[in-house]
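Novice: Dropping the sequence and predicted coords here.
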Amino acid sequence: MTPANLADTVLSAARAVFETRGLDLAALPATTAVERPRNPEHGDYASTLALQLGKKVGVAPRELAAALAEELGSRDGIKAVEIAGPGFLNIRLDAAVTGTIARTVVEAGPAYGRNEQLAGERINLEFVSANPTGPIHLGHTRWAAVGDSLRRILAAAGAEVTSEYYINDAGAQVERFARSLYAAANGHPAPEDGYGGDYIGEIAQRILSDDPELAGQPAETALPVFWSRGYELMLTEIRESLQRFGVHFDVWFSEKTLHDGGAVEHAIEELRKQGHIFEEGGAIWLRTTDFTDDKDRVLIRSNGEKTYFAADAAYYINKRERGFDRCVYLLGADHHGYIGRLKAIAACAGDDPEKNIEILIGQLVNLVRAGQPVRLSKRAGNIITLDELLEAVGADAARYSLARSSTDSMLTLDIEEITKHSSDNPVFYVQYAHARICSILRNADDKGMSRGDTYDPALLSHERENNLLKTLGQFPAVVATAAELREPHRIAVYLEERVATDFHRFFDACQVVPKGEDPVTDVNVARRWLVEATRTVIANGLDLLGVSAPERM
RNA sequence: GCGCUCGUAGCUCAGCGGAUAGAGCACCGGACUUCUAAUCCGAUGGUCGCAGGUUCGAAUCCUGCCGGGCGCGCCA
């Protein structure tokens, strides 16, 4: 029995009690959950349903709990139900019930943990979207890791997800980039408003090696070439960096195509139809203050130029026209001022800003080494690049470290700590559990100890087997919660503090493969099921984080 | 000034209203002749920033204050 099954049982028992006593069935929630008490004396699972409902229906919580306990106690698989404190229900299960979780997990395999919570939802997930004017750096890296995990998690929850990278290839930034390349190619210092950093020189040299004549040519003819070649080389480099990081984008969306294809004009027409466009001082405005913005925004400046905001609006409308129900934006804390105006775009377009658009804000990341601020990057000038981070710590450690904590909290990564190949490093703690299991399974196979078709779940009765089984049973709920709250770190915390911990403790106390010449017992076989189930959960969980599950370490 | 966000062990961080607030690092003490010791077992370490409020119950929700980070353009 999984926790979800038990929760259903609790709810159905509550319904029975309500019917018997003539209580208001409308007070019952649609779903409930059971929790795992920290204190083992409080049973296998606990429910707070009586506490929550007591007041609603005017029955003392303890009295309601007593009735629920009696009803629940008669259900299959439940050994005992006790009432504690103000009305907690502490539930104990029959010995074999928890043991069946291993079969549930093994049979589901890679699908274990997937759920249908977000089935039917079409989600556009936009993240990173760094300007193609320099390498991906630390500021983007947290979202690369978290965004890609979120993509996997939302998909596991049944959503149809498209991950998207918005390329800001129109406007002044890329022009500055081109001018910087041109200056570097001619041995001049970067323009006042241009880009510094060694990569500018490197890219300029690559362009020159293809076309050495370019250096001497006037800006008029050379700049367009530096623009297009520089853009191409930079974007390729960005794609390759992200690929090395294991981050996948379904769509690379060019801002320029938005302008060239008339999407901005189209968007303004759509917004005009909704009645939120006005003219003032020769400029075209969107009255975002009709909704959640603190000031109105210019779409077309009085000199005829479209603003970046106009492209934002056009992009949002484009996404909706491509059929996405929900447009999710992952932005750094330095962009939190955009929430109001982005939501206002959706509202001005006639959408529901609470449903069709969602903006997630993540705090910034600091890097230190042994407690000291990390030296500045040579390559990017004043920031650390993703490539440098990858070189220093590797993709697995980098992704895990970044995905491990809530994006609400500012994160300080210590390079020294995450490069340690030892127990100091949480990612290895989880990966090691997986490698250990693979080793056990190899040994079992060598001994001809197969899993077979079945096992006796009652034999998995050791306290540490029980804890591990109950932990494995929580995985689908953890995935569902991570998807619902857009919080990938819950997967990492669960793997680390629950699964890997419970597995290592189990391993320490319970022999899986018989020692020496000992015969294979039914207990050994049952444990093999448990170990395979554990391997499945760790592999599935690490996959959601984009971290590898090694078979050997 | 206005707005967003964070404040939990020496450090880095968990804890979507539940029971005695957790983990890793650091520090101290134990456990390997047999499935991986990158592990396990134990000890130390807390006014959950402060003060009120909401309720059976608050680290969690509300208000105020203090402290850190960030943002407030016909810039991109």
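Specialist: Sure, I can see it. Numbering: from 1, shown residues only, chains lettered A, B, ... in the order given.
Novice: Can you tell me which residue is spatially central in chain A?
Specialist: Geometric centre of chain A, nearest residue: A:L150, 2.6 Å, by CA atoms, centre = their mean.
Novice: Could you name the specific helix or strand carrying it?
Specialist: Per DSSP states H and E: A:L150 is located in helix A:138-156.
Novice: Quick check: phi and psi at A:A130.
Specialist: phi -70, psi 140 (degrees, to the nearest 10).
Novice: who's in contact with the residue lying closest to A:G246 once chain neighbours are set aside?
Specialist: Spatial nearest neighbour of A:G246, excluding adjacent residues (CB to CB, 6 or more residues apart in numbering): A:G546 at 4.6 Å. Using the backbone N, CA and C atoms, a C-beta is placed for each residue, glycine as well. Residues near A:G546 by CB atoms under 8 Å, 6 or more residues apart in numbering: A:A145, A:D148, A:S149, A:R152, A:G246, A:V247, A:R399, A:A403.
Novice: How much space separates A:G546 from A:V146?
Specialist: 10 Å (CB to CB, to the nearest Å).
Novice: overlap in contacts of those two?
Specialist: Counting by CB under 8 Å, 6+ apart, the common neighbours of A:G546 and A:V146 are A:A403.
Novice: does any bit of whichever helix in chain A runs longest sit next to RNA strand B?
Specialist: Determined from DSSP state H, the single longest helix within chain A is helix A:219-244. No - judged by CB under 7 Å from any atom of the strand, helix A:219-244 makes no contact with RNA strand B; its nearest approach is 13.3 Å.
Novice: just checking, what packs against that helix?
Specialist: Helix A:219-244 sits against helix A:172-185, helix A:198-210, helix A:386-393, with contacts defined as 3 or more CB pairs under 8 Å, 6 or more residues apart in numbering; DSSP states H and E.
Novice: which of the ones you listed is buried the deepest?
Specialist: Highest mean neighbour count among those (mean count of other CB atoms under 10 Å): helix A:172-185, with a mean of 22.
Novice: show me the contacts for the closest residue to A:A130 other than its chain neighbours.
Specialist: Distances taken as CB to CB, 6+ apart put A:H140 closest to A:A130, at 4.8 Å, once the chain neighbours are dropped. By CB under 8 Å, 6+ apart, the contact set of A:H140 is A:V128, A:A130, A:L386.
Novice: Can you give me the neighbour number for the first one?
Specialist: Which is A:V128. By other CB atoms under 10 Å, the residues close to A:V128 number 23.
Novice: distance of A:R404 from RNA strand B?
Specialist: Separation of A:R404 from RNA strand B (CB to the nearest atom of the strand, to the nearest Å): 6 Å.
Novice: A:W227 too?
Specialist: A:W227 sits 13 Å away from RNA strand B, going by CB to the nearest atom of the strand.
Novice: Just to check, that residue is in contact with A:E175?
Specialist: Yes - assessed by CB atoms under 8 Å, A:W227 is found in contact with A:E175 at 7.1 Å.
Novice: and the worst-scoring helix or strand of chain A on mean pLDDT, how far out from the chain's middle?
Specialist: Ranked by mean pLDDT, DSSP states H and E, the weakest helix or strand in chain A is strand A:372-373, scoring a mean of 73. On the basis of CA atoms, centre = their mean, to the nearest Å, strand A:372-373 sits 28 Å off its chain's mean C-alpha point.
Novice: which ones are touching the residue of chain A most remote from its centre?
Specialist: The outermost residue of chain A, judged against the average C-alpha position, is A:G216 (49.0 Å), by CA atoms, centre = their mean. Listed by CB under 8 Å, 6+ apart, the contact partners of A:G216 are A:N186.
Novice: From RNA strand B, how far off is the residue nearest to the centre of chain A?
Specialist: From A:L150 to RNA strand B the distance is 14 Å (CB to the nearest atom of the strand).
Novice: Name the nearest residue to that residue, ignoring sequence neighbours.
Specialist: A:P488 (5.5 Å).
Novice: What of A:L530?
Specialist: A:A102 (4.7 Å).
Novice: One more: A:R114?
Specialist: The spatial neighbour of A:R114 that comes closest, neighbours along the chain excluded (CB to CB, 6+ apart), is A:A156 at 4.9 Å.
Novice: burial of that neighbour, as a residue count?
Specialist: That count, for A:A156 with other CB under 10 Å as the rule, works out to 24.
Novice: For it, list the residues it contacts.
Specialist: Counting by CB under 8 Å, 6+ apart, A:A156 has contacts A:G113, A:R114, A:N115, A:V479, A:A483, A:L544.
Novice: what does A:V298 give?
Specialist: For A:V298, the contacting residues are A:A283, A:I284, A:W285, A:L286, A:T307, A:F309, by CB under 8 Å, 6+ apart.
Novice: Where do the domain boundaries of chain A fall?
Specialist: Per automatic domain parsing, the structural domains of chain A span A:3-93, A:122-169+A:247-361, A:172-242, A:422-544.
Novice: Serialize those to TSV and add fields for mean pLDDT.
Specialist: Output for the domains of chain A, formatted as TSV (pLDDT from 0 to 100):
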stretch	mean pLDDT
domain A:3-93	92
domain A:122-169+A:247-361	94
domain A:172-242	93
domain A:422-544	94
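Novice: Reformat those domains as JSON lines; add distance to A:L411.
Specialist: Listed next are those as JSON lines, based on distance: least, CB to CB, whole Å:
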{"stretch": "domain A:3-93", "distance to A:L411": "27"}
{"stretch": "domain A:122-169+A:247-361", "distance to A:L411": "7"}
{"stretch": "domain A:172-242", "distance to A:L411": "20"}
{"stretch": "domain A:422-544", "distance to A:L411": "10"}
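Novice: For the residue of the stretch 51-200 of chain A found nearest RNA strand B, the count of nearby residues, please.
Specialist: Residue of the stretch 51-200 of chain A nearest RNA strand B, by CB to the nearest atom of the strand: A:G171 (2.7 Å). Close neighbours of A:G171, defined as other CB under 10 Å, add up to 17.
Novice: Need phi/psi at it.
Specialist: Dihedral pair for A:G171: phi 100, psi -170, per degrees, to the nearest 10.
Novice: Can you tell me how far it is from A:G187?
Specialist: Plainly put, A:G171 is 27 Å away from A:G187 if you go by CB to CB.
Novice: which residue packs closest to A:N318, ignoring adjacent ones?
Specialist: Leaving aside its sequence neighbours, A:N318 sits nearest to A:A263 (CB to CB, 6+ apart; 5.6 Å).
Novice: Can you report how many residues neighbour the one you found?
Specialist: Neighbour count of A:A263, defined by other CB under 10 Å: 20.
Novice: so it makes contact with A:A314?
Specialist: Yes - assessed by CB under 8 Å, A:A263 is found in contact with A:A314 at 4.5 Å.
Novice: coming back round to it: tell me how far the helix holding A:L150 is from the chain's mean position?
Specialist: Distance, centroid of helix A:138-156 to centroid of chain: 5 Å (CA atoms, centre = their mean).
Novice: Output that helix as CSV, nothing but the C-alphas.
Specialist: Extracted as CSV, the C-alpha positions of helix A:138-156 are listed here (Å, rounded to 0.1, in the frame of the first residue of the first chain):
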residue,chain,number,x,y,z
LEU,A,138,27.2,32.4,-13.4
GLY,A,139,24.2,34.7,-13.4
HIS,A,140,22.5,32.5,-16.0
THR,A,141,23.7,29.2,-14.7
ARG,A,142,21.3,28.8,-11.8
TRP,A,143,18.4,29.1,-14.1
ALA,A,144,20.0,26.8,-16.6
ALA,A,145,20.1,24.0,-14.0
VAL,A,146,16.8,24.8,-12.3
GLY,A,147,15.0,25.5,-15.5
ASP,A,148,16.1,22.3,-17.2
SER,A,149,15.1,20.3,-14.1
LEU,A,150,11.8,22.0,-14.0
ARG,A,151,11.2,21.1,-17.6
ARG,A,152,11.8,17.5,-16.7
ILE,A,153,9.6,17.6,-13.6
LEU,A,154,6.7,19.3,-15.3
ALA,A,155,6.8,16.7,-18.0
ALA,A,156,6.9,14.0,-15.4
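Novice: Tell me, how many residues neighbour the residue nearest to A:V264 when sequence neighbours are not counted?
Specialist: Closest residue to A:V264 apart from its sequence neighbours, by CB to CB, 6+ apart: A:A314 at 4.4 Å. For A:A314, the count of nearby residues is 26 (other CB under 10 Å).
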